[in-house]
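Student: Need a 3D model of the following:
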Amino acid sequence: MRLPSEQLASHLARDLKPLYTVFGNEPLLALEASDRIRARARADGYTEREVLTADSGFKWNQLALAGSSQSLFSTRKLLELRIPTGKPGKEGGEALQLYCRALPPDTVTLVYVSDLDWRGQKAAWFEALERSGVAVEARAVPRKALPQWVAGRLRDQQQEADAATLEFIADRVEGNLMAAHQEVQKLALLFPAGAISFDQVRGSVLDVARYDVFNLGEIMLEGDPLRLARVLDGLQGEGTAAPLVLWAFAEEIRAIGKILTGINAGKPASMMLREARIWGPSHQSAMQNNLNRFTLTQATEALRHAAVIDRMVKGLVRGDTWNELLQLALRFARNNPGVVKAQPGRRAMPAAFAAHPALF
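Tutor: Just a heads-up that it's a prediction; the model follows:
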């Protein structure tokens, strides 16, 4: 059984299972989920707690021994197993599967797995954990859902804000949920319960947003011009290398071109998404929802623009690289569905970058 972390509280209000596995790419939500499980276990009389950490020197027979041993002072125990690398190895995988076949009585087992990628979620040991208990996924909060997430946190501390204020907070904490949590808590210390004004928030919430260059493609697909500008400005301020940003954009543009070429040839969109290596539900959704805004010509011209920026990065063409990166991204903005014309004086592209489906 798998649950998103936001549903864990309602689940624990009804029941407590003997095995929980917490995983995901959002540390704050994973920490909170683990705390909720511990609190419910303590409330149900699981007063003894034993913690095992599967580091490089860990002996996996300790897991079975910990499950079979009983304390003289308590008949119920909370056993925690932490796997920091997300990879227990062959011996660990076999030990976990064996443990799941016969869960110890009077014990709640909490397994925390960090850095678990999609391959790890398909491993036999993880499937055994999920099948034998509850797997709680701490997923990152997407930008679109962030205002409501902030509103929920404010509501928990008897505060509220209007939609514009929530959007402002979301802009300043995007990509940094731990800091977002701290900023929201700070508002409870600064202001009384009730409505918080925009001016109060503007003077109190720090800009703690952090951006991941590997999410740039999805952001470009969504096509919000202001967000594109803000994210690029943030990446530049964090010292992200311009060639890496160019690579992220170019990969997404090639994917758009490849998918459109395949669809024009009569191939199903689902197959083309796989061939273009568009993974993850949010990325696939962004591509499907916005693909009808793009044309093959638009993608081809954008690749030619990317080639100019590549020469600019290498010092072969003069210009402002980061401004050109923004102009490249804005070719796919929602309010600019057409193709941006080349600037006067720009050097002609080599024949290899001429519009041709082979680019994709």
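
Student: mean confidence for the helix or strand where A95 lies?
Tutor: Assigning secondary structure by DSSP states H and E places A95 in helix 89-101. With pLDDT averaged residue by residue, helix 89-101 scores 95.

Student: could you point out which element follows that helix?
Tutor: Following helix 89-101 in sequence, per DSSP H and E, is strand 107-113.

Student: Might you list the low-confidence residue ranges for the chain?
Tutor: Applying pLDDT under 70 to the chain flags residues 70-74, 335-360.

Student: at 80 what do you get?
Tutor: Low-confidence segments of the chain (pLDDT under 80): 69-75, 115, 335-360.

Student: can you list the domains in it?
Tutor: 2-138, 143-202, 213-359 (automatic domain parsing).

Student: Can you add mean neighbour count and give those domains back as CSV?
Tutor: In short, each C-beta sits where N, CA and C put it, glycine included. Conversion of those to CSV gives the following (neighbours: other C-beta atoms under 10 Å):
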stretch, mean neighbour count
domain 2-138, 17
domain 143-202, 16
domain 213-359, 16
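
Student: what packs against the helix holding A95?
Tutor: Packing partners of helix 89-101 (3 or more C-beta pairs under 8 Å, 6 or more residues apart in numbering; DSSP states H and E): helix 61-68, helix 124-132.

Student: Would you mind giving those helices as TSV with distance to K77 added?
Tutor: Shown next, in TSV, are these (distance: least, C-beta to C-beta, whole Å):
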stretch	distance to K77
helix 61-68	9
helix 124-132	18
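
Student: Any idea which of those helices gets closest to G234?
Tutor: Nearest to G234 among those is helix 124-132 (34.1 Å), distances taken as C-beta to C-beta.

Student: quick check: angle from the closest one to strand 107-113?
Tutor: 140 degrees (axes from the mean of the first three to the mean of the last three C-alpha atoms, to 10 degrees).

Student: which element follows helix 124-132 toward the C-terminus?
Tutor: Next along from helix 124-132, by DSSP H and E: strand 134-138.

Student: For that next one, which strands pair with it and how are they oriented?
Tutor: strand 2-4 (parallel), strand 19-24 (parallel) (DSSP bridges).

Student: Contacts for the shortest one next, please.
Tutor: So the one you mean is strand 2-4. With C-beta atoms under 8 Å, 6 or more residues apart in numbering as the test, strand 2-4 has contacts from 11, 130, 134-137, 139.

Student: In contact with the nearest residue to V208 once chain neighbours are set aside, which residues are there?
Tutor: Nearest residue to V208 in three dimensions, chain neighbours excluded: A179, at 3.9 Å (C-beta to C-beta, 6 or more residues apart in numbering). Contacts for A179 (C-beta under 8 Å, 6+ apart) come out as 173, 206, 208, 210.
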